[in-house]
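Trainee: here's my sequence, what's the structure:
(chains A and B)
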2 protein chains.
Amino acid sequence: MQAEAIFTGTEMLLGQIVNTNAAFLGRELAAAGISLYRQVVVGDNLVRIREAIDNARRRADLIIVSGGLGPTEDDLSREALAAALGLPLVEDPAARENVTRYFAARRRPMTPNNLKQALLPAGARAMDNPHGTAAGVFLEHEGKVYALLPGPPREFEPMLVNQLLPRLEPYGARREIIFSRVLKIAGIGESGVEEAVKDLLHSDNPTLAPLAKPGEVTLRLTARAKSQEAARSLTALLEITIRERLGDYIFGTDDDTLESVTGAILAARHLTLAVAESCTGGLLAHRVTNIPGSSDYFLGGMVTYSNEAKVKFLGVEPEVLAARGAVSPEVAAAMARGVRQAVGTDIGIGITGIAGPGGGSEEKPVGLVYLGIDFRGQVEVRRELFMGQRENIKWQSTQSALYLLWRSLRAQCE
Amino acid sequence: MQAEAIFTGTEMLLGQIVNTNAAFLGRELAAAGISLYRQVVVGDNLVRIREAIDNARRRADLIIVSGGLGPTEDDLSREALAAALGLPLVEDPAARENVTRYFAARRRPMTPNNLKQALLPAGARAMDNPHGTAAGVFLEHEGKVYALLPGPPREFEPMLVNQLLPRLEPYGARREIIFSRVLKIAGIGESGVEEAVKDLLHSDNPTLAPLAKPGEVTLRLTARAKSQEAARSLTALLEITIRERLGDYIFGTDDDTLESVTGAILAARHLTLAVAESCTGGLLAHRVTNIPGSSDYFLGGMVTYSNEAKVKFLGVEPEVLAARGAVSPEVAAAMARGVRQAVGTDIGIGITGIAGPGGGSEEKPVGLVYLGIDFRGQVEVRRELFMGQRENIKWQSTQSALYLLWRSLRAQCE
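Mentor: Predicted coordinates:
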C-alpha cells in the first residue's frame, strides 16, 4: 500500500508551528509496512487542498489529510475531499454525536457552526475522536482509501493509532504492539555500559538503545509483537541478560530516579538522612526533597560553602582543613560524619569539590569531587573527576552521591 | 513572489527526523514578504524529486529545494534540477572551492565522490557554505528562480538568511533586521503585567509579547527595521514606556536571572548572604550557588526540615513553633534572623511553607509559604499562596525569595 499525506494549515507555512504530525505519521506507517512517498503541506485554502487531494489520488492508494476538520470557515478538508471526488456532504449521526457529546460532557453550549463537523462526504464513515469535537473521516472510493484526521497532535495521534491503522489491516497494514522498557543506570559510564552489552546492540527485536545523560545511562528495550504479552516477554528475556551483567548499576526502571528509589528504601526501612554540601550548593538536598513524603526521612541539610561553616556546623577540624585542603577525602568523610552527628540521623552524606569555573589548580582541577557517606558510623569515600560546566558538575556530583547512597542501602539490605 | 518548497530526505518520510527547516523557512519567507503556498517532502529518489520540481515550477516563481546536496549516491537534488530544466551539469569553480576548502581546513583527505558537489546545472551560481562541503545552487531560468540548499539546519539556516534572501531582493523580497529584547519581571503576576501594558499589546512594530513562567513574567519586545540601529531604537522607546509602569518589577533583561542579578549586586557591594530553607529543601541555595563566583558572597545555607533542626541550628524558639506552627510569619522571620546570626552574614533569608502534596490543612493549605529577610537586623516577611505541584511550589517560593532579596538590595541602594 502506498500512501501520500497532506497536512493543512497556514500556520505551518508561516512557520508558526512545527509539523510534528508528519514525523509521527511517518514512524507509524513505516511500522505498519505502508510506504509513504510524499508529504504535502498546504494552507487553509479550498482550491489548494482539493488540488493536493487530486494529485495524491493519481499516485497513491491511501490519502491521509491532517487538519481542517474544525468548525470554522478555515476548516475545509471535508469540503475539499467531497469536491475532489464529486460527492455530496451528508450529515453523519456518529459524527454529530461526536460533537454534541463533547459539549455535553463539558456542560458548554454548542454554537451552530459546530454542526458543520457532522457533514461527511457521502459513503464515508466517522472515526471516533474522544479528545475533540471533530470526528475523523474514513472513505473507500473507487479502490482508494481516504482518511481525514484532526490536526492537533493529541487528537491526531490516538486517532491514527486506534482508529485508522486497524481499518487498514484488510489492505495489508501490519498491526503490531510496541512495548518499551527503560533500565536506569548509574555509577558506570556510557562506554562501560556499551562494552557490557555490545553484543546485544544489533538485536533487531527487541532493540536495545543506550542513551547517556549527565551522571546516568539509560538502556531502552523496545519489542514489537502481535500482543502486549508477547512484546513484554521479549523485553523481559533481554532484561534478564542485561541484569546479569550490569545488575550492580541498574538502580531502577522507566520513571525511577535515584532520589525516588533511595527515598523509597529509606522510608520503608525507617532510616533517616542528613546531607552536608559544599560544591553542590544545596542541589542534593533539593533533589532529595523533591520526593513527596521526604520529610519522613530527610531531617536536614547544610550548605557549608566557607571553611568557617564547615568547622562551626559540621565539626570539621581546622587542622584537617589546613593540612589537606577543603577538597579532600578527609574533609568529605568529616562532613558526612559531622552532619550525621549534628542532625542526629542514621546516614550522613558529605560532598566537597570544585564546581568551577574558577578555583581549580593543577593538583586539584575543576571537576574534582570527593563524596563521603557515613552509614551508622561506617564511612566510605568516593573520588570523582567530572567534566563540564558548573551546573553540570553540580548535577553529576549529586548523581554520584545518590548512587553511593543507593549502593550502601543495597549492601545493608543483603 | 510566490514560493514552493521541496524538502528531500527519506528519513523525514520515515519520521526519523522532524523537518525543522520547514518552520524556519516559513518564518523567514513570511518576514521577507514572500508567499509560501506549498511544502512538499519527498524521499531521496530522482524521479520523485524531479516530478516535485516540475509541479512546483508550474505554480510558483521561486522553487526552493532543501537537502540532497551531499556527496553520496542518495544526494540527487542537483541532478533532479538539471533533468527537470533540461540543462547539463558543469563543474563550477566556486562550488569546487567550497568542497576542497572544507577538507583542507580540517586537514582531512578528500575522497573523489566529493567532487560531485562541484557540478551545478549550467547557468547556476554557487552559494557559499562555510559550514559544510556542499555549496548551494542559485539559478534564474525562464523567469523563475530555483534555489538548492543543504539539508542540515546548521547549513540550511545561515545560507537561507545570508545567501538566498539577499539574492531575492531584486524580486521584491524585503530585507529587514529583527531585533528582540526581553524584559524579565518578578513580584507581579501575568494578569498584573498584562493590565499594565494592555494598550501596548496590539502594537505592530515593535510587537510586545508577554510570556508567563512559574514565578516570572517576560515581555519580549521585537522590532523590524532596515537597520540594527533603527530596530534597537524602536524597542528602546517602548521599553521606556514599560519601565515607567513596571519598573519596580523589572529585575533584568535577556539572559538575566534573579540569582545572577542579585549575585552581581551582592558581589559589587561586598555583602554576604546565608539562607535557611524548609519547604524549598535546598533549591534556593542551589540557585544562588549556580552563579560562578557565588562563594564570594554566599557563606552558607541550612535545610531545616524538622522542627528540631530549626531550634538547634537557627535558634527558633520552641514556644514560637508550638504557638504559631512551623509555617508562620514568625518562624520565617526567626529563620532569617537565626541563619544570619549563625553564619555571620549581612543578609539572612528564611523560607517556611507547605510544598505538598501532603501536610496541608484548611487553615494552612498546600502552597502557603512565608518568606523572611533579615537585612542587617531589619526584618521583612512576605506571605504567598502558590498553586501547582510540589516542584512548582518549591520553584515559585525561591523566585519570591530572590525577588524579595532584589527589592531589598535595591531599596538599600537608593
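Trainee: average pLDDT for stretch A:318-331?
Mentor: Summarised as a single mean, pLDDT over stretch A:318-331 is 96.
Trainee: buried stuff in that stretch?
Mentor: A:320-321, A:326-328, A:330-331 (16 or more other C-beta atoms under 10 Å in any protein chain shown). In this view, the C-beta of every residue, glycine as well, is placed from N, C-alpha and C.
Trainee: same question, stretch A:134-152
Mentor: Using 16+ other C-beta under 10 Å as the test for burial, stretch A:134-152 gives A:134-139, A:141, A:145-152.
Trainee: same question, stretch A:394-412
Mentor: Within stretch A:394-412, the residues that count as buried by 16+ other C-beta under 10 Å are A:394-409.
Trainee: of those residues, list those near chain B.
Mentor: For chain B, the contacts drawn from these by C-beta under 8 Å from any C-beta of the partner chain are residue A:394.
Trainee: residues in contact with the strand or helix carrying residue A:36?
Mentor: Residue A:36 belongs to strand A:35-42 when elements are defined using DSSP states H and E. Contact with strand A:35-42 is made by A:1-9, A:12-13, A:19, A:22, A:25-26, A:29-30, A:48-49, A:52, A:55-56, A:59-60, B:12-14, B:22, B:37-43, B:45, B:48, B:52, as judged by C-beta atoms under 8 Å, 6 or more residues apart in numbering or on different chains.
Trainee: what's downstream of it, the next helix or strand?
Mentor: Downstream of strand A:35-42, the first helix or strand assigned by DSSP H and E is helix A:46-59.
Trainee: which elements pack onto that next one?
Mentor: strand A:2-8, strand A:35-42, strand A:62-66, helix A:77-85, strand A:144-149, strand B:35-42 (3 or more C-beta pairs under 8 Å, 6 or more residues apart in numbering or on different chains; DSSP states H and E).
Trainee: avg pLDDT for the fourth one?
Mentor: Per-residue pLDDT over helix A:77-85 has a mean of 97.
Trainee: that older thread, as a markdown table, the helices and strands packed on helix A:46-59 with distance to residue B:302 would be great.
Mentor: As requested, the helices and strands packed on helix A:46-59 are arranged in a markdown table below (distance: least, C-beta to C-beta, whole Å):
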| stretch | distance to residue B:302 |
| --- | --- |
| strand A:2-8 | 55 |
| strand A:35-42 | 56 |
| strand A:62-66 | 55 |
| helix A:77-85 | 61 |
| strand A:144-149 | 55 |
| strand B:35-42 | 57 |
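Trainee: those residues of the stretch 151-300 of chain A touching chain B, which are they?
Mentor: With C-beta under 8 Å from any C-beta as the criterion, the stretch 151-300 of chain A meets chain B at residues A:275, A:277, A:280-286, A:288-290, A:292-295, A:298-300.
Trainee: now, of those, which are buried?
Mentor: For those, buried by 16+ other C-beta under 10 Å: A:275, A:277, A:280-286, A:288-290, A:292, A:294-295, A:298-300.
Trainee: deepest of the helices and strands packed on helix A:46-59, which one?
Mentor: Across the helices and strands packed on helix A:46-59, averaging neighbours per residue (mean count of other C-beta atoms under 10 Å in any protein chain shown) puts strand A:62-66 on top, at a mean of 26.
Trainee: what's the separation between the residue nearest the centre of chain A and chain B?
Mentor: A centroid search over chain A (C-alpha atoms, centre = their mean) returns residue A:255, at 8.5 Å, as the residue closest to the centre. In this view, residue A:255 and chain B are 14 Å apart by C-beta to the nearest C-beta, to the nearest Å.
Trainee: cool, and residue A:32?
Mentor: From residue A:32 to chain B the distance is 12 Å (C-beta to the nearest C-beta).
Trainee: and the residue lying closest to that residue once chain neighbours are set aside, what pLDDT?
Mentor: Leaving aside its sequence neighbours, residue A:32 sits nearest to residue A:173 (C-beta to C-beta, 6 or more residues apart in numbering or on different chains; 4.3 Å). Looking at residue A:173, its pLDDT reads 86.
Trainee: residues contacting residue A:173?
Mentor: For residue A:173, the contact set (C-beta under 8 Å, 6+ apart) comprises A:1, A:32-34, A:165.
Trainee: and the buried ones among those, selectable in ChimeraX?
Mentor: Here is the ChimeraX command that selects the buried residues among the contacts of residue A:173 (16+ other C-beta under 10 Å):
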select /A:1,32,34,165
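Trainee: of the contacts of residue A:173, closest to chain B?
Mentor: Nearest to chain B out of the contacts of residue A:173 is residue A:34 (C-beta to the nearest C-beta; 11.0 Å).
Trainee: ok, so what distance separates residue A:100 from residue B:128?
Mentor: According to C-beta to C-beta, to the nearest Å, residue A:100 and residue B:128 sit 59 Å apart.
Trainee: tell me which element the residue lying farthest from the centre of chain A is part of?
Mentor: In terms of distance from the mean C-alpha position of chain A, residue A:319 ranks first, at 48.2 Å (C-alpha atoms, centre = their mean). In the assignment (DSSP H and E), residue A:319 maps to helix A:318-324.
Trainee: tabulate the CA atom coordinates of that helix in PDB.
Mentor: Extracted in PDB, the C-alpha atoms of helix A:318-324 (Å, rounded to 0.1, in the frame of the first residue of the first chain):
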ATOM      1  CA  PRO A 318      40.600  23.200  61.300                       C
ATOM      2  CA  GLU A 319      43.900  21.200  61.200                       C
ATOM      3  CA  VAL A 320      42.500  18.800  58.700                       C
ATOM      4  CA  LEU A 321      41.200  21.700  56.500                       C
ATOM      5  CA  ALA A 322      44.700  23.300  56.800                       C
ATOM      6  CA  ALA A 323      46.600  20.100  56.100                       C
ATOM      7  CA  ARG A 324      44.500  18.500  53.400                       C
END
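Trainee: for it, packing partners?
Mentor: Applying 3+ C-beta pairs under 8 Å, 6+ apart, we find helix A:318-324 packed against helix A:307-314, helix A:329-343.
Trainee: which residues sit against the longest one?
Mentor: To tie it back to what came earlier, the one meant is helix A:329-343. Here helix A:329-343 makes contact (C-beta under 8 Å, 6+ apart) with A:274-276, A:278, A:299-302, A:304, A:310, A:313-317, A:320-321, A:324-325, A:345-352, A:370-374, A:379, A:381, A:383, B:309, B:312-313.
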